[in-house]
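Visitor: A structural model of the following input is requested.
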Amino acid sequence: IPAESNYLSNLRIIDSVFNNSSWVNPANNFGNGAVYVEHIKDSVIRHCTFSENIGAGGGFNIKALWGKRVKIHNCKLTQAAWWPTTYRNKGFGIEYWYGEFCEFFDNWSNGGFSIAKMLNMQAHHNTIVMASGEGKTEAFEITGTNDKVYANYMEGASPGIAVWGGPAQNSEFSHNTFYNCANGILISGEASHVMDGIKIYNNTFDVSGDLWNGHGTVAARMQTSTALISNLAIKNNIFANQTGMSGVALGGLNGGATYANRVQNTIIAKNQFFNTTGGNVRLAAGVVGTVDDLGSTGDPLFMGGARPSPYYRLLTGSPAINTGVNVNLPYLGSVPDRGAFVQNRTAGANIEAEMNFSVGWGGDVGANGPVVVGDRTLDTYKSMNIYDSGDAFRAHFYIPTVGTYNIRVRVRSGSTGNSTSYWPNG
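Guide: Numbers count the residues shown, from 1 in each chain. Below you'll find the model as predicted:
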């Protein structure tokens, strides 16, 4: 692994089209991407279109190893089925392993993202849709430390989020929507890997199956006697229409009792269950130290319409409104809602993007300083600090109702002075 000073810096792949440009060896299923990079930093791949087809490439769209502060966003990634197996027969839209502070957002893909062995990674506002007959893989394959996967829409994946193949520490999966996935989130203890402190907050799961023998839409299973799954927190989620399986399942080998004592200290709280015909929560014999408040049952009253929004927004009178628990994410009211689409702002209120868990960097030239969220403001609010011509940032705003809103931006130079330092004159 080269020192960071030897990484390629400021690579830009922008507004490009790739057709049948990847490669796969049918003898061993090894494939390269249409874009294949290693050891890059402060780099961007954005607004690109990828199309790979069986018999003409057919591998990954983007494949990469080792990166620091790499951003991949606003890309359309499509690939055909190509792995000749029954359980995973589609290439990945993105396979990126070994990175720090990398970000993946606003992409559309019909194949999954394998983002593994990461530190402080963010994947958000991506849409991954796998139609029937295309072949399926996981929407996100995640291992690493302090990773955040939030505000994504996953349809037809198996599973939606897979945490396997390596250790995972203190990662957070929140405000995601899962539709028709075979297992929503599957945490699998393998080898001697430790999965500790994973947080599963405010997600919506609708119509999930059980391809991986986890027995639950959110499932933790222990496949060896030497791995450990500990300190899971599963809160404020909506589980709807899970036929023949539980909303949450904790167990050992393939969901059974063998090795189940290696699943320890899980908190299950303030979840909404509706039409989970296999039961709300399933605990295999031997699971250690689970705290379960049993949640609530009843129709969450989804709004309907196009998925994911407005379909999974909550109608007035929903039992999921103002019935969650504070998990240190933004919300409106005395307590949070349950599910992916929470009320978190009222009309007329200040909406700070930096405080709304969805700031992303659109581009960072980095010559004079990085794009950062700062506290050195002249009022009570935070600010975005940019230093170079060409720096950019982006933010999603979540609004309570359809309507007309004012967006006010104040700009100033430096971090000293009084309120008149804003342009023009405060």
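Visitor: List the buried residues of stretch 299-308.
Guide: For stretch 299-308, a neighbour-count test (16 or more other C-beta atoms under 10 Å) marks 300-302, 307-308 as buried. All C-beta atoms are positioned from the backbone trio N, CA, C, and that covers glycine.
Visitor: Point out the ones among those that are inside helices.
Guide: Here DSSP state H is the test, and these give no hits in helices at all.
Visitor: now the residues you listed as CSV including pLDDT and distance to N146?
Guide: Listed next are those as CSV, based on pLDDT from 0 to 100; distance: C-beta to C-beta, whole Å:
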residue, pLDDT, distance to N146
P300, 96, 31
L301, 95, 35
F302, 95, 32
R307, 89, 30
P308, 89, 26
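Visitor: and which of those residues is nearest to G165?
Guide: Closest approach between these and G165, by C-beta to C-beta: P308, at 27.5 Å.
Visitor: which among the buried residues of stretch 299-308 gets closest to V335?
Guide: P300 (15.9 Å).
Visitor: Measure how buried G244 is and give me the count.
Guide: Other residues near G244 come to 10 when the count uses other C-beta atoms under 10 Å.
Visitor: Now for D293: which residues touch it?
Guide: 268-270 (C-beta atoms under 8 Å, 6 or more residues apart in numbering).
Visitor: no, scratch that, I was asking about I267
Guide: Listed by C-beta under 8 Å, 6+ apart, the contact partners of I267 are 232-235, 290-291.
Visitor: at 7 Å what do you get?
Guide: Neighbour list for I267: 233, 291 [criterion: C-beta atoms under 7 Å, 6 or more residues apart in numbering].
Visitor: what do you get for V218?
Guide: 184-185, 200, 234, 247-248.
Visitor: Sort out for me which of these are in helices.
Guide: With DSSP H as the criterion, helices contain none of these.
Visitor: Out of those residues, which is nearest to Y7?
Guide: Nearest to Y7 among the contacts of V218 is I185, at 32.6 Å by C-beta to C-beta.
Visitor: Pairing partners for that closest one in the sheet, please.
Guide: I185 has these beta-bridge partners by DSSP bridges: I161, V218.
Visitor: Ok, R282 next?
Guide: A249.
Visitor: any idea which residue sits dead centre in the chain?
Guide: Centrality entry for the chain: nearest residue to the mean C-alpha point is V149, 2.3 Å, by C-alpha atoms, centre = their mean.
Visitor: For it, which residues are in contact?
Guide: Listed by C-beta under 7 Å, 6+ apart, the contact set of V149 reads 123, 140, 142, 161, 173, 176.
Visitor: pretty sure S171 is touching Y150, no?
Guide: No: using C-beta atoms under 7 Å, S171 is not in contact with Y150, being 10.7 Å away.
Visitor: can you count the residues close to S9?
Guide: 14.
Visitor: distance of it from A367?
Guide: Separation of S9 from A367 (C-beta to C-beta, to the nearest Å): 10 Å.
Visitor: Was I right to think T243 contacts F274?
Guide: No: at 11.9 Å, T243 does not count as touching F274 under the criterion of C-beta under 7 Å.
Visitor: With neighbour numbers in mind, choose between these two.
Guide: Between T243 and F274, F274 has the larger neighbour count (other C-beta under 10 Å), namely 21 against 12.
Visitor: so what's that one closest to, chain neighbours aside?
Guide: On the basis of C-beta to C-beta, 6 or more residues apart in numbering, the spatially nearest residue to F274 that is not a chain neighbour turns out to be A240, at 4.6 Å.
Visitor: how near is that neighbour to A320?
Guide: In terms of C-beta to C-beta, A240 sits 10 Å off from A320.
Visitor: in a helix, that's where G279 is, yeah?
Guide: No: read with DSSP: H, G, I helix; E, B strand; the rest coil, G279 is coil and lies in no helix.
Visitor: Quick check: it touching S246?
Guide: Yes: in this structure, G279 is within contact of S246 by C-beta under 7 Å, at 4.7 Å.
Visitor: Comparing the two, which residue is more hemmed in?
Guide: When neighbours are counted by other C-beta under 10 Å, G279 and S246 differ, and S246 comes out ahead with 25 against 16.
Visitor: My guess is that one contacts A284. True?
Guide: No: taking contacts as C-beta under 7 Å, S246 lies outside contact range of A284: 10.9 Å.
Visitor: Could I get the pLDDT score of P84?
Guide: You'll see P84 listed with a pLDDT of 48.
Visitor: Between A240 and A320, which is the more surrounded one?
Guide: A320 (29 against 23).
Visitor: check contacts around the nearest residue to that one once chain neighbours are set aside.
Guide: Closest residue to A320 apart from its sequence neighbours, by C-beta to C-beta, 6+ apart: R338 at 4.0 Å. Contacts for R338 (C-beta under 7 Å, 6+ apart) come out as 202, 236-238, 270-272, 320, 323-324.
Visitor: same deal with S318?
Guide: 300-301.
Visitor: and it, what element?
Guide: With elements delineated by DSSP states H and E, S318 resides in a region that no helix or strand encompasses.
Visitor: Give me the pLDDT value at it.
Guide: The model reports S318 with a pLDDT of 94.
Visitor: and what of G31?
Guide: Note on G31: pLDDT of 68.
Visitor: tell me which helix or strand of this protein sits lowest on mean pLDDT?
Guide: In the chain, the helix or strand scored least confidently by mean pLDDT, DSSP states H and E is strand 359-363, which has a mean of 54.
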